[in-house]
Every structure is written in C-alpha cells, then in structure tokens.
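> mind folding the following:
(one chain, ligands or ions: 1)
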Amino acid sequence: MNLSKDEIVELLSNDNQEILFKKADEIRQQYVGDEVHLRGLMEFSNICRNNCMYCGIRRDNNELKRYRMSKEEIIETAKNAANIGFKTIVMQSGEDLHFSNDVMCEILSEIKKFDVAITLSVGERTYEDYKLWKEAGADRYLIRIETTDKDLYHRLDPGMSWQNRYNCSMWLKELGYELGSGIMVGLPGQSIESIADDLLFLRDIEVDMAGIGPFIPAPNTPLANEKGGTLNLALRTMAVMRLLMPDINIPATTAMESLHPNGRIMALQAGANVVMPNITANEYKQLYTLYPNKTNVDKAQSNTDIVAKITSIGRTIGKGYGEHKKKI
Ligand code: SAM
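Take a look at the predicted model:
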C-alpha cells in the first residue's frame with residue numbers, strides 16, 4: 001500500500017488504532033497467510049565491544065556477568081532445537097570478536113546439517129566476514145538500523161557510525177542474505193515524524209524482515225531513567241509496516257511481550273507473522289539482559305506454551321523455512 005509520510009504520521013498518532021490493526025491483519029492474511037513461523041533464538045554471547053546507551057549488555061555495564069557459549073554448546077543447542085521442529089535457528093550475540101572465521105564457518109556448516117535455515121545477528125563486520133559466513137551456510141542476517149535519525153543514532157550509539165551500519169546492511173543484501181532490519185520505537189528524542197521516515201526507509205531498502213520493538217529503559221545504562229516506548233505505539237508502527245510491505249516477515253517481538261503478558265499475540269493480530277522463542281539454556285539467557293522483564297518472558301514460556309497461544313487464535317505453525325516469498 002502506498003502511504004505518504006503525512007498519512008503515516010496520522011496513523012501513528014491516532015489512538016483509535018483498531019481499524020489500523022484490522023487492516024494490517026487482513027493484509028497479513030492475504031499476503032503471508034495464517035502460518036506463524038517460529039525461529040529458535042540462541043543468544044550465544046553477551047560480550048560486546050559497543051557501548052549503545054540503551055542496551056543492557058553494553059560494554060561499560062560492569063554489573064553484568066559475561067558469558068560465551070562454546071562451539072560445542074552452540075551446535076548442541078541448534079541440534080536440540082532442530083529435533084523439536086524448529087526450521088530456523090537465529091544465532092545472536094553482542095559484537096564479540098572471539099570466534100575466528102574458521103570456527104564460525106565450522107559452526108555454520110555443522111548446524112546446516114540439521115536441515116534448518118540460519119539467521120545470524122552479530123552486528124557490524126567486514127564484507128569478507130559476511131561473505132565467508134554466507135558461503136558456509138548462513139541464509140539471513142538481522143541487523144536493525146535502529147533509527148534513521150543520524151544525529152539520534154550517533155548520540156545513542158557512541159563511537160559507532162550510522163553510515164557503516166547502513167553499508168553493512170547493503171553488503172548483506174548484495175551477498176544474497178535475506179535482510180532483517182528494524183527499529184526501536186520511543187527512543188528519547190525520537191519524534192513520530194522520525195518513525196515515519198524509518199518506515200519509509202525500510203520500505204525503500206526492501207528489507208525481507210522488519211523487527212519493531214519498543215525501547216525499554218534498562219538498568220545500569222545511561223538511559224535507565226528515561227521514559228520507554230509504549231506497546232501501542234510499537235504495535236501501530238508494526239501495523240503500518242505491514243501496510244507498506246504486505247509480503248515481508250514481521251516478528252511479534254519479545255520487547256512487546258515484556259511490556260504486556262499478551263504482547264506477542266496482540267502483535268500477531270496486528271500484522272505480525274513470526275515469533276522467536278528463546279532456545280538458549282537458562283544459565284545463559286538470564287544473562288542476556290538487553291532490557292528488564294525480557295528474561296521473565298524467556299523463562300515463563302516454554303515452546304509448548306507459545307504454540308498453544310498461537311493456535312488458540314486460529315493460526316497455524318509454519319512447517320517450512322519461512323523465507324520471505326516476494327509477492328509484489
Ligand atoms: N549485536 C547485534 C547488533 O548490534 O545488531 C545483535 C544484538 S543487539 C543487543 C539486538 C537488538 O536489541 C538491537 O538491535 C536493539 O534494537 C535491541 N535492544 C537493545 N537494547 C534494547 C532496549 N533497551 N530496549 C529495546 N530493544 C533493545
């Protein structure tokens with residue numbers, strides 16, 4: 001659907017959101033159907049070289065116990081997830097440069113043997129790294145642009161460059177990865193107009209997946225006392241994304257569930273078609289503390305609970321890899 005920036009601002013600002021959610025739900029049904037694709041999310045290291053002001057695993061958070069799973073643990077976790085039916089494994093971490101490309105490629109080719117699609121989400125690296133990982137079996141890459149307001153980005157991600165994050169996104173596309181991008185909603189100093197720009201940007205770069213979540217202030221970060229984003233604004237942003245890009249994959253994000261016990265189901269009924277249950281062992285996932293209440297979400301819900309919730313709203317669990325099928 002073609003929407004102008006003004007129209008998007010109007011939709012994002014309108015508290016009377018039920019019509020928007022209904023429309024997004026219809027378009028979702030029409031273009032990507034009733035299947036919900038599950039992605040097994042493995043958080044394999046909380047060690048990070050970056051210092052993003054909003055993030056609970058930022059470099060300067062000295063209160064956090066750091067961990068890194070071993071190669072064997074990573075492969076074993078993926079194997080167990082594949083055995084219980086996951087068709088996509090997402091490997092996410094802080095920007096931890098520990099694993100050499102040889103080891104990364106070995107991990108990828110081992111996991112590939114389990115007949116799954118692999119999504120990587122390990123941040124900004126070189127073109128060469130991305131190329132080697134693609135050749136070793138990675139299919140998709142998740143790297144949110146976070147915001148298209150460059151000043152805001154540089155204030156919130158000190159020492160990082162928006163242009164570099166953009167370049168990484170373009171390299172990934174060029175190398176044939178499915179690109180997952182996305183934003184946080186409700187960042188301090190972020191306007192509704194800026195969110196509208198973000199949505200148009202995600203459409204223009206033709207993402208395959210768009211993850212949209214509320215910013216949630218995290219303890220032991222410089223933004224701990226800021227106001228966070230609301231679930232409603234995050235849901236509206238996600239619903240407009242569906243109107244703009246009817247056939248892409250849109251996850252019901254964990255951050256939404258952290259703000260409301262039914263946040264992901266609400267998202268699935270307002271345009272989302274993907275859920276990413278956490279498959280990380282308890283001892284580690286409780287240390288992957290991007291924002292508060294995340295670990296409660298991860299802890300409270302077994303995969304069976306999530307599946308039951310999804311089927312209770314008349315949706316089915318995707319049986320394939322759930323790749324982006326272009327329809328327009
Ligand atoms: N290091 C990789 C990267 O930079 O893309 C992946 C890990 S990073 C922690 C994953 C995502 O968490 C970020 O893209 C950001 O949008 C989200 N995130 C971090 N802190 C958050 C917070 N306080 N509230 C909501 N989302 C947050």
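> after the helix-or-strand element of the chain with minimal mean pLDDT, which helix or strand is next?
Of all helical and strand segments in the chain, the minimum by mean pLDDT, DSSP states H and E falls on helix 294-300, at a mean of 72. Helices and strands here follow DSSP states H and E; after helix 294-300, the next one along the chain is helix 303-312.
> tell me the helices and strands packed up against the helix or strand just after that next one.
As assigned by DSSP H and E, the chain's next helix or strand after helix 303-312 is strand 316-317. With contacts taken as 3 or more CB pairs under 8 Å, 6 or more residues apart in numbering; DSSP states H and E, strand 316-317 sits against strand 35-38, helix 303-312. Every C-beta, even on glycine, is put in place using the N, C-alpha and C of the backbone.
> repeat that with 6 Å
The helices and strands touching strand 316-317, judged by 3 or more CB pairs under 6 Å, 6 or more residues apart in numbering; DSSP states H and E, number zero.
> hmm, who's touching it?
Under the contact criterion CB atoms under 6 Å, 6 or more residues apart in numbering, strand 316-317 has outside partners D34, E35.
> from the chain's centroid, how far away is that strand?
20 Å (CA atoms, centre = their mean, to the nearest Å).
> so for that strand, mean pLDDT?
Taken as a whole, strand 316-317 has a mean pLDDT of 98.
> what strands line up against it, and which way round?
strand 35-38 (parallel) (DSSP bridges).
> and the helix or strand in which L243 is found, what's buried?
L243 is part of helix 231-244 when elements are defined by DSSP H and E. Residues 231, 233-244 are the ones in helix 231-244 that count as buried (16 or more other CB atoms under 10 Å).
> for it, packing partners?
Here helix 231-244 touches helix 5-13, helix 18-32, strand 178-185, helix 192-204, strand 209-214, helix 254-259, going by 3+ CB pairs under 6 Å, 6+ apart.
> redo that, cut-off 8 Å
If you count contacts as 3+ CB pairs under 8 Å, 6+ apart, helix 231-244 packs onto helix 5-13, helix 18-32, strand 178-185, helix 192-204, strand 209-214, helix 254-259, helix 263-268.
> hey, which of the ones you listed is tucked in deepest?
Neighbour counts (mean count of other CB atoms under 10 Å) averaged over each of these peak at strand 209-214, with a mean of 27.
> secondary structure class for K327?
Using DSSP: H, G, I helix; E, B strand; the rest coil, the secondary structure recorded for K327 is coil.
> quick one, what contacts it?
Y31, P246, D247 (CB atoms under 8 Å, 6 or more residues apart in numbering).
> tally of neighbours for the second one?
Read it as P246. Applying other CB atoms under 10 Å, we find 18 residues neighbouring P246.
> could you measure from F21 over to the ligand?
Distance of F21 to the ligand, given as CB to the nearest ligand atom, to the nearest Å: 21 Å.
> tally of neighbours for the closest residue to that residue other than its chain neighbours?
Nearest residue to F21, sequence neighbours excluded (CB to CB, 6 or more residues apart in numbering): A270, at 3.9 Å. Using other CB under 10 Å, A270 has 25 other residues around it.
> go on, N51?
Neighbours of N51 under the rule other CB under 10 Å: 16.
> what does the protein put close to the ligand?
Proximity of the chain to the ligand is confined to 54-55, 57, 92, 94-95, 121-123, 143-144, 146, 184, 213, 215-216, 218, 255, 290-291 under the rule CB under 6 Å from any ligand atom.
> next step: these restricted to helices.
The helices in this structure, assigned by DSSP state H, contain A255 from the residues of the chain next to the ligand.
> residues touching V240, list them.
So V240 contacts L3, I8, L11, L12, L20, A24, L199 (CB under 8 Å, 6+ apart).
> settle this for me: the fifth one is touching L12, isn't it.
No - here L20 does not reach L12: they are 9.1 Å apart, not a contact under CB atoms under 8 Å.
> rewinding a little: need the buried residues of helix 231-244 in TSV (columns: pLDDT).
Putting these into TSV (pLDDT from 0 to 100) gives the following:
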residue	pLDDT
L231	98
L233	98
A234	98
L235	98
R236	98
T237	98
M238	98
A239	98
V240	98
M241	98
R242	98
L243	98
L244	98
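> tell me which element C105 is part of?
Per DSSP H and E, C105 falls inside helix 101-112.
> what packs against that helix?
Packing contacts for helix 101-112, counted by 3+ CB pairs under 8 Å, 6+ apart, involve helix 71-83, strand 88-93, strand 117-121, helix 127-136.
> do that again at 7 Å, thanks
Counting contacts by 3 or more CB pairs under 7 Å, 6 or more residues apart in numbering; DSSP states H and E, helix 101-112 is packed against helix 71-83, strand 117-121, helix 127-136.
> list the contacts of the second one.
What that stands for is strand 117-121. With contact meaning CB atoms under 7 Å, 6 or more residues apart in numbering, strand 117-121 is reached by 39, 87-92, 108, 111-112, 133, 137-143, 180, 321, 323.
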